[in-house]
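> Coordinates for the following, if possible.
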Amino acid sequence: MAAPSHRRSLRKRRALVVSAAVVAAGVGAGVVVMNANAGTVDLYHQTLAAKDGWASSGTGTTGGSKADAAHTFTVSTRAELVKALGSASDTTPRIIKVKGTIDANTDDAGKKLTCADYASGTGYSLSAYLKAFDPATYGRSKLPSGAQEKARAAAQAKQAKNVVFKVPANTTLVGVPGTKAGITGAMVQIQNVDNVIVRNLTFAATEDCFPQWDPTDGDDGNWNSNYDSVTLRGATHVWADHNTFTDAPHFDTANPKYFGREYQIHDGALDITKGSDLVTVSRNQFTNHDKTMLIGSSDTDSVGKLRVSIHHNVWKGIIQRAPLARIGQIHIYNNFYDVTTLNGYAPQYSINSRAKAQVVAEHNAWKLPSGGKAAKLLSGDGTGSVAGSGNLVNGTATDLVAAYNAASSKKLKTTVNWTPALTAGLETSAKNLPTSLATTTGAGVLK
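Numbers count the residues shown, from 1 in each chain. The predicted model follows:
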């Protein structure tokens, strides 16, 4: 069996959502949220509550809440979204309301684009690529190079130009309630900017038309793809809340195999890398995905950063990386993990602590199917730590670290060098999470 690859593919205050009528014909009216600190605010101007995870640290996370009318946009097409985002270097506060579903694989006129459109004019073809880099003739000791690899990279660059959306600092990107708001086929890139909010959106079908073959990745090589649905790279103060992440409608079971390895067209769902810091991930649904959340792009990512809070999320049909954590101080609490195989996505582990990561995992709940083992819910490389208590497996208190360590030679450490303090909304019992989170997480809940 091939070795798994951990390489990256190149207040007490809780928001009380009150059902509010849309009193205007436009979409500017909408959700009313009661905020104990700031009175009544609408969804689009809501900011992260005090002490709600790492993203509330310091200056907190306010996104585009100070946007003026000229920088408040409602978008329904890819072209409108690009225009509303503007320059990634423009720090003017902005609110972008996504109405309906935007397909990133469309041109400026709204015409659907396919993989063939991106490949056109580059000289790339999959059949030629497979012939050029067949391990039987090319070998397994070096990365692909030459005409077909250059053509693949050119085609991939054409797709990237179309599907990568760069988010500026001081931005709130939010789905309009009741419109099935979302972005398909895209990578929302939050890179080297501060103060961003992403809420109430479904991110689906983020697919790379042109995965690269790497014969040196793992024991038998791997096909590696680009594009996380949402990627944080050197980003600070980011709040991702009430979103849904899924591979649907194309599940990995539909991927062919070449050179004996799955032709993987999906990368991460929500990755937090390259020195990103002060991030809160709350009340999202992660489903039908493999490599779901990477914290730290490598074992040498930034020491002193990668501080992330992950709470009240649902993980269902997730193979791995929920999350995979490196280096940072990560607080994982009040999440629900259903590790039953779903649509062919058979879970390998939930939480991986490696590269001296300091993880506190507490008051989470797991649903483990018949025959499943608690020892396989965690993973590590022998240097990471997982502390915390109150975790339930099928309703029973379980010491996950002890279970893992009893079955593994690469032991997880049980102490960490920090104590979580930004814990607004932490529930000291995980008993009701499977029920409560089913109706309070993901896109479309905020109405």
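> which other helices and strands contact the one helix or strand residue 83 maps to?
Taking DSSP states H and E as the definition, one finds residue 83 inside helix 78-85. In terms of contacts (3 or more C-beta pairs under 8 Å, 6 or more residues apart in numbering; DSSP states H and E), helix 78-85 is packed against strand 72-75, strand 94-98, strand 101-103, strand 164-166. C-beta here means a position set from N, CA and C on the backbone, and glycine is covered the same way.
> Any chance of those strands in JSON lines with mean pLDDT as columns?
Below are the helices and strands packed on helix 78-85 laid out as JSON lines (pLDDT from 0 to 100):
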{"stretch": "strand 72-75", "mean pLDDT": "98"}
{"stretch": "strand 94-98", "mean pLDDT": "98"}
{"stretch": "strand 101-103", "mean pLDDT": "98"}
{"stretch": "strand 164-166", "mean pLDDT": "98"}
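> Give me whichever of those is most buried.
strand 94-98 (a mean of 26; mean count of other C-beta atoms under 10 Å).
> List the pairing partners of it within its sheet, with orientation.
With DSSP bridges as the test, strand 94-98 is paired with strand 72-75 (parallel), strand 171-175 (parallel).
> quick one, what contacts the closest residue in space to residue 290 that isn't next to it in sequence?
Among residues not flanking residue 290 along the chain, residue 319 sits closest, at 4.3 Å (C-beta to C-beta, 6 or more residues apart in numbering). Contact analysis of residue 319 by C-beta atoms under 8 Å, 6 or more residues apart in numbering lists 289, 290, 291, 292, 345, 346, 347, 348.
> okay if I get those as TSV plus pLDDT, distance to residue 73 and secondary structure?
Below are the contacts of residue 319 laid out as TSV (pLDDT from 0 to 100; distance: C-beta to C-beta, whole Å; DSSP: H, G, I helix; E, B strand; the rest coil):
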residue	pLDDT	distance to residue 73	secondary structure
289	98	29	strand
290	98	34	strand
291	97	32	strand
292	98	30	coil
345	98	35	strand
346	97	41	coil
347	97	39	coil
348	97	41	coil
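> thinking again about what came up before, other residues contacting the helix holding residue 83?
73, 75, 94, 96, 98, 102-104, 106, 108-110, 162, 165-168, 171, 183.
> so for it, what's the average pLDDT?
In this model, helix 78-85 has an average pLDDT of 98.
> Give me the buried positions along that helix.
78, 80, 81, 84, 85 (16 or more other C-beta atoms under 10 Å).
> quick one: the second one from residue 304, how far?
What that stands for is residue 80. As for residue 80, its distance to residue 304 is 39 Å (criterion: C-beta to C-beta, to the nearest Å).
> what stretches of this protein score poorly on pLDDT?
1-40 (pLDDT under 70).
> Okay, helices next: where are they in it?
Ranges of helices in the chain, per DSSP state H, are 78-85, 115-119, 126-132, 135-138, 147-163, 400-407, 433-436.
> Redo these as TSV? Include distance to residue 356.
Shown next, in TSV, are the helices of the chain (distance: least, C-beta to C-beta, whole Å):
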stretch	distance to residue 356
helix 78-85	36
helix 115-119	40
helix 126-132	38
helix 135-138	35
helix 147-163	33
helix 400-407	16
helix 433-436	29
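> Of those, which is nearest residue 280?
helix 433-436 (17.8 Å; C-beta to C-beta).
> Can you tell me which helices and strands that closest one packs against?
Under the contact criterion of 3+ C-beta pairs under 8 Å, 6+ apart, helix 433-436 touches strand 336-338, strand 365-367.
> Please render these as JSON lines that adds distance to residue 261 and mean neighbour count to the earlier fields.
Below are those laid out as JSON lines (distance: least, C-beta to C-beta, whole Å; neighbours: other C-beta atoms under 10 Å):
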{"stretch": "strand 336-338", "distance to residue 261": "27", "mean neighbour count": "23"}
{"stretch": "strand 365-367", "distance to residue 261": "30", "mean neighbour count": "22"}
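> so can I have JSON lines of the ones you listed showing distance to residue 243?
Shown next, in JSON lines, are those (distance: least, C-beta to C-beta, whole Å):
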{"stretch": "strand 336-338", "distance to residue 243": "16"}
{"stretch": "strand 365-367", "distance to residue 243": "21"}
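> Ok, which of the ones you listed comes nearest residue 211?
Of all the helices and strands packed on helix 433-436, strand 336-338 sits nearest to residue 211, with 28.0 Å by C-beta to C-beta.
> neighbouring contacts of that closest one?
313-318, 322, 350, 364-367, 377, 430, 433-434, 437.
> Narrow these to those that are buried.
Buried, going by 16+ other C-beta under 10 Å: 313-318, 322, 350, 364-367, 377, 430, 433-434, 437, out of the contacts of strand 336-338.
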